[in-house]
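Peer 1: Coordinates for the following, if possible.
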Amino acid sequence: MNAALHRFIELDLLPMLAGAMAALTCGLLGNYLVLRRLSLMGDAISHSVLPGLVIAFIVTGTRDPVVMLVGAGLSGVATVVIVELIRRFGRVDPGAAMGVTFSVLFALGVFLIEQAARQVDLDADCVLHGQPELLGWTVPADFGELLSPVTLGAVPRQIWILFAMLLITLAFITALFKELRIASFDPQLATTQGVHAGLMHYLLMVLVAAATVASFEAVGSILVIAMIICPAVTARLLTDRLGSQLLVSAIAALIAALGGYWLGALGPSLVGSEISLSAAGTMAVLAGVLFGVALLASPRHGVITQIRRQKHLASRVLVEDLLVTLRRAERSGESSVSVGRLRPILRGEATRAVELGERERLIRRRGDSVELSEDGRARADAVLHVHRQWQSYLIEEAGYLPDHAHEAAERLEHVADASAMNPPEASGSAPDRS
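Peer 2: Residues are numbered from 1 along each chain as shown. Take a look at the predicted model:
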């Protein structure tokens, strides 16, 4: 076996697999938490496993990893149940319920450590940051023996636990995809269609608790929290379909896990440093960077798109105000209006409005005056028609006084595209706000 390949398999393969499997498991389940507005559940569980670890030690008197894992798992499930009970019977929002639960349980764990279990070894690096770099194994020189029972038996149990958790998660989402989708978006509708929304909720929460605990030991709580939230919200910004969201979140989780590992290992060397960074920390940072990029550059929901959309809307409103002003002047017998008269009406933006209107061939300039073109006249009539409909609706249906409805209708007349305006009729239903 090539020496470089041997070194990679022995030192880097398992930490990368651990990070990738933890990121995939948490990232996929995180989509449903984001849809249900329960994104902090991973944070709550990762904090509240502490009393479970301590109580497991107190009861058994051993720090055996299996015992610790069972204690943490039971504590995670208890967290889910307590959060739901507080939310339902305390009539508080989910965020408050999760905040109260993990704060109290984490404080309880600290109290138990101080009072009754000082022998418990809870290293901050292991608990918070994780130590995936330590998941090494002994690899034979002969590549043919890599998959032998003896070699596979040397694989740390954290890898097998994460692998089993990933398979369970994939099977859960695949088998109950339709049920989870409808229960996440509309629990009441799910119940009417024979899907037990409450059962889906608890199954999902128990699986989140199990995934959090399984990932907690290998990669630490910081990475678990980041991977439950970041890939899902990144995907949510990039797509509006659940199937695509799951796929995009999986890709984002893999990029964050694999790219973050190599960033931690090789990044410092690029700036002349010989000190490597925490793999779990750089994975979490890269997951945050991916979210930041999506937040800025998402084609539909990104900040840049929103700014462009707002600028476009402002320009359209300005042009339509200009057209309406010119059309009302025409109906008063004036074929054109000077730019100077338009300045106070258009709040000092008359020059820009005229430039935009000329560019769209909606107006024509005659020296210092402007007049409507045929297209501009048709566009102005459409806006005025919508204005009258909104004004009638506000007076007859919304209870506005006649002298107050005009100003509100002037704002609402720009809601729809001028080419396809469809406000409510005066005797019709309320406006479509979707």
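Peer 1: Export only the CA atoms of the one helix or strand A4 maps to, formatted as PDB.
Peer 2: Assigned by DSSP states H and E, A4 falls within helix 3-7. The C-alpha trace of helix 3-7 is given here as PDB (Å, rounded to 0.1, in the frame of the first residue of the first chain):
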ATOM      1  CA  ALA A   3       2.700   5.200   2.300                       C
ATOM      2  CA  ALA A   4       0.600   8.300   1.800                       C
ATOM      3  CA  LEU A   5      -2.600   6.300   1.300                       C
ATOM      4  CA  HIS A   6      -1.800   4.100   4.300                       C
ATOM      5  CA  ARG A   7      -1.300   7.200   6.400                       C
END
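Peer 1: pLDDT averaged over the next helix or strand after it - what is it?
Peer 2: Using DSSP H and E, the next helix or strand after helix 3-7 towards the C-terminus is helix 14-35. On average, the pLDDT along helix 14-35 is 90.
Peer 1: how about the helix or strand following helix 14-35: buried residues?
Peer 2: Later in the chain than helix 14-35, the nearest helix or strand by DSSP H and E is helix 41-60. Judged by neighbour count (16 or more other C-beta atoms under 10 Å), helix 41-60 contains these buried residues: 41-57. For glycine as for every other residue, the C-beta is placed from the backbone atoms N, C-alpha and C.
Peer 1: if we can go back for a sec, who are the packing partners of the helix holding A4?
Peer 2: Using 3 or more C-beta pairs under 8 Å, 6 or more residues apart in numbering; DSSP states H and E, no helix or strand is in contact with helix 3-7.
Peer 1: In the chain, where is pLDDT below threshold?
Peer 2: 1-2, 6, 63-65, 114-134, 136-147, 151, 269, 271-272, 274, 416-434 (pLDDT under 70).
Peer 1: distance from the centroid: which residue in it tops it?
Peer 2: Centroid-distance maximum for the chain: G333 at 55.8 Å, with C-alpha atoms, centre = their mean.
Peer 1: what's the burial count for the nearest residue to R37 once chain neighbours are set aside?
Peer 2: Closest residue to R37 apart from its sequence neighbours, by C-beta to C-beta, 6 or more residues apart in numbering: P94 at 6.1 Å. For P94, the count of nearby residues is 19 (other C-beta atoms under 10 Å).
Peer 1: ok, P94 to T101 distance?
Peer 2: 10 Å (C-beta to C-beta, to the nearest Å).
Peer 1: count of residues packed around V104?
Peer 2: Quick note: V104 (other C-beta under 10 Å) scores 14 neighbours.
Peer 1: need the contact list for P94.
Peer 2: Neighbour list for P94: R36, R37, L38, L40, V83, R87 [criterion: C-beta atoms under 8 Å, 6 or more residues apart in numbering].
Peer 1: And for L322?
Peer 2: Contacts for L322 (C-beta under 8 Å, 6+ apart) come out as L342, L346, A350, A353, V354, G357, I363, V370.
Peer 1: do the same with R300
Peer 2: D240.
Peer 1: Surely it is in a helix?
Peer 2: No: assessed with DSSP: H, G, I helix; E, B strand; the rest coil, R300 is coil; it does not lie in a helix.
Peer 1: how close does it sit to L238?
Peer 2: Here R300 is placed at a distance of 8 Å from L238 (C-beta to C-beta).
Peer 1: same deal with A23?
Peer 2: 17 Å.
Peer 1: Those two - which one has more neighbours?
Peer 2: Using other C-beta under 10 Å, the more surrounded residue of A23 and L238 is A23, with 34 against 20.
Peer 1: CA atoms of the host helix or strand of T282 as CSV?
Peer 2: Element membership for T282 (DSSP H and E) is helix 279-297. Included here for helix 279-297 are C-alpha records, laid out as CSV according to Å, rounded to 0.1, in the frame of the first residue of the first chain:
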residue,chain,number,x,y,z
ALA,A,279,-11.8,19.4,13.2
ALA,A,280,-15.2,19.7,14.8
GLY,A,281,-14.8,23.4,15.2
THR,A,282,-13.8,24.0,11.6
MET,A,283,-16.6,21.8,10.4
ALA,A,284,-19.1,23.9,12.4
VAL,A,285,-17.5,27.1,11.1
LEU,A,286,-17.7,25.9,7.5
ALA,A,287,-21.4,25.0,8.0
GLY,A,288,-22.0,28.5,9.1
VAL,A,289,-20.1,29.9,6.1
LEU,A,290,-22.3,27.9,3.8
PHE,A,291,-25.3,29.3,5.5
GLY,A,292,-23.9,32.8,5.1
VAL,A,293,-23.3,32.3,1.4
ALA,A,294,-26.9,31.0,0.9
LEU,A,295,-28.3,33.9,3.0
LEU,A,296,-26.6,36.4,0.7
ALA,A,297,-26.8,34.8,-2.7
